[in-house]
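Asks: pasting the sequence and the predicted model now:
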Amino acid sequence: MKDTRPFPPLKNDNLLRAARGEVVDRVPVWVMRQAGRYLPEFQELRKLHDFFTVCRTPELACEVTMQPLRRFDLDASIIFSDILVIPQALGLTVEMHAGVGPVLPQPIRTPEDLKRLTPDGALSRLSYVGDAITMMRHKLDGRVPLIGFTGAPWTLMGYMIEGGGSKTMSKAKAWLYDYPEDSKLLLNLLTDVIVDYLEMQVEAGAQMLQIFESSAEHLTKDEFLVWSVPFLRRIRDDLVDRLTKKAVSTVPLTIFAKGAGHSLKEQSELGYDVIGLDWTVDPVEARAAVGPNITLQGNLDPQDMYRDPSELHTLTTDMVHKFGKSRYIANLGHGITPQTPIASMEVLVDAVHKAL
Ligand SMILES: Cc1c2[nH]c(c1CCC(=O)O)Cc1[nH]c(c(CCC(=O)O)c1C)Cc1[nH]c(c(CCC(=O)O)c1C)Cc1[nH]c(c(C)c1CCC(=O)O)C2
């Protein structure tokens, strides 16, 4: 039965205030992939359960979501899941192979393969994510906001065509040139599912949403503007439309387009509240590009987490000083990597909170 109890009131809302451009008590900080393999308790749980079993079992997803919050004074939680649950819901098999990452044994190879996708009913096959979000809101007891997320269309298309991660996305890029109309069809199909999925996450209790366009780095600026930006715009516009029509309050939206620092101005015109930056972007230049009315998130190099604590502390403090206290959410410039020392997370969080 659906849990319809009201959610506990939020105690630390610095993340949402930063996203809306309001005054914060302290600079909020969270870390992409903050629940993950650098935590021994995550590794222990993963010995007992397959990756997608964790995603599909709300109790397990909530336990893993909670793990980093027990250790660190973070200002946000992010629901444990993966971007590849959408290709799964569209009928593709996705396996998580240790040491390799995601594998799709029957990828989309030709436009003919698009017929195998099953958008009808995809949302109902993702209902476990909504269940985990609702459960997590209660377990958090208002401690910090809960972020929901999705992969963006181009990034999902890449995994669906490559059959997993890829250094070049060469097969997916070949689609853009060889089958431009079918590429648009696939990107629009994914956009439709993503809008449904995000609407469902908000209704389930997600207080902020992040769209991961992690494979933007494989596109030139011109390609990014054609194959990513229009779909990111439609996700935002359609989602806001849907929520408005249902009289559901909208939540702040973050776009994280890794490797798209060449198009910050264009990103700032999409209607998102927050732009996530990878570590190649200079904070001061980013602010100049997006103007004063957008919140920036990021962007310490995840490799800096391997430096000694005093160096890491200094780098973090310098980063926060460059961004400033207004309209800023501290994070890494991409996901935390599996060998990261736990002590580095403590240094990062502490340095952010003490910087200003
Ligand atoms: C591209 C992408 C994926 N998944 C995701 C992205 C976008 C962000 C990014 O660019 O890093 C997003 C993601 N994946 C995961 C989260 C959980 C929430 C969080 O704590 O941030 C989030 C937000 C869990 C995960 N997703 C994955 C793990 C590790 C797998 C395991 O436990 O065996 C976790 C904790 C696996 C995964 N899932 C994916 C890859 C490429 C891999 C393998 C690489 C790796 O292992 O880090 C696809």
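Replies: That came through, no problem.
Asks: what sits against H49?
Replies: Residues near H49 by CB atoms under 8 Å, 6 or more residues apart in numbering: T57, L60. C-beta: built from backbone N, CA, C; applies to glycine.
Asks: how about the residues of the stretch 151-300 of the chain near the ligand?
Replies: G165, F212, S214 (CB under 6 Å from any ligand atom).
Asks: can you count the residues close to the closest residue to the first one other than its chain neighbours?
Replies: Right, G165. Closest residue to G165 apart from its sequence neighbours, by CB to CB, 6 or more residues apart in numbering: G101 at 5.0 Å. Other residues lying near G101 total 12 when counted by other CB atoms under 10 Å.
Asks: go on, the one 5 residues further on?
Replies: For Q106, the tally of surrounding residues (other CB under 10 Å) stands at 11.
Asks: also K221?
Replies: Other residues close to K221 by other CB under 10 Å number 13.
Asks: that one and the ligand: what is the separation?
Replies: To the ligand, K221 is 20 Å away according to CB to the nearest ligand atom, to the nearest Å.
Asks: that residue touches L264, doesn't it?
Replies: No - counting by CB atoms under 8 Å, K221 stays clear of L264, with 11.0 Å between them.
Asks: hang on, the earlier thing: beta partners for the residue nearest to G165?
Replies: As for beta bridges, G101 partners with H97 under DSSP bridges.
Asks: so how far is L123 from it?
Replies: Here the criterion is CB to CB, to the nearest Å. By it, G101 lies 26 Å from L123.
Asks: how about R137?
Replies: 20 Å.
Asks: more crowded one of the two?
Replies: R137 (25 against 17).
Asks: phi first, then psi, for D238.
Replies: Dihedral pair for D238: phi -70, psi -40, per degrees, to the nearest 10.
Asks: tell me the contacts of it?
Replies: D238 neighbours (CB under 8 Å, 6+ apart): T191, V195.
Asks: read off the pLDDT value for it.
Replies: Looking at D238, its pLDDT reads 98.
Asks: same thing with L90?
Replies: Looking at L90, its pLDDT reads 98.
Asks: for the ligand, what's the nearest residue on the stretch 201-350 of the chain?
Replies: S214 (3.1 Å; CB to the nearest ligand atom).
Asks: so that residue makes contact with G151?
Replies: Yes - S214 lies in contact with G151 (CB under 8 Å); the separation is 7.4 Å.
Asks: between these two, which contacts overlap?
Replies: I83.
Asks: do you know the pLDDT at M1?
Replies: Note on M1: pLDDT of 74.
Asks: give me the number of residues near it?
Replies: 3.
Asks: just the strands from the stretch 1-150 of the chain, written as ranges.
Replies: For the stretch 1-150 of the chain, the strands defined by DSSP state E, counting those that start in this stretch occupy 77-78, 95-97, 101-103, 146-151.
Asks: what lies in contact with the third one?
Replies: Contact partners of strand 101-103, identified using CB under 8 Å, 6+ apart, comprise D82, L84, V94, E95, M96, H97, Y159, G163, G164, G165.
Asks: which ones are touching the closest residue to the first one other than its chain neighbours?
Replies: When you say that, I think you mean D82. Setting aside the residues directly before and after it, D82 is nearest to C55 in space (CB to CB, 6+ apart), at 6.1 Å. With contact set as CB under 8 Å, 6+ apart, C55 has these partners: A61, F80, S81, D82, V85, Y128, V129, A132.
Asks: from the ligand, how far out is the third one?
Replies: Spelled out, it's S81. 6 Å.
Asks: with adjacent residues omitted, what lies nearest to that residue?
Replies: C55 (5.0 Å).
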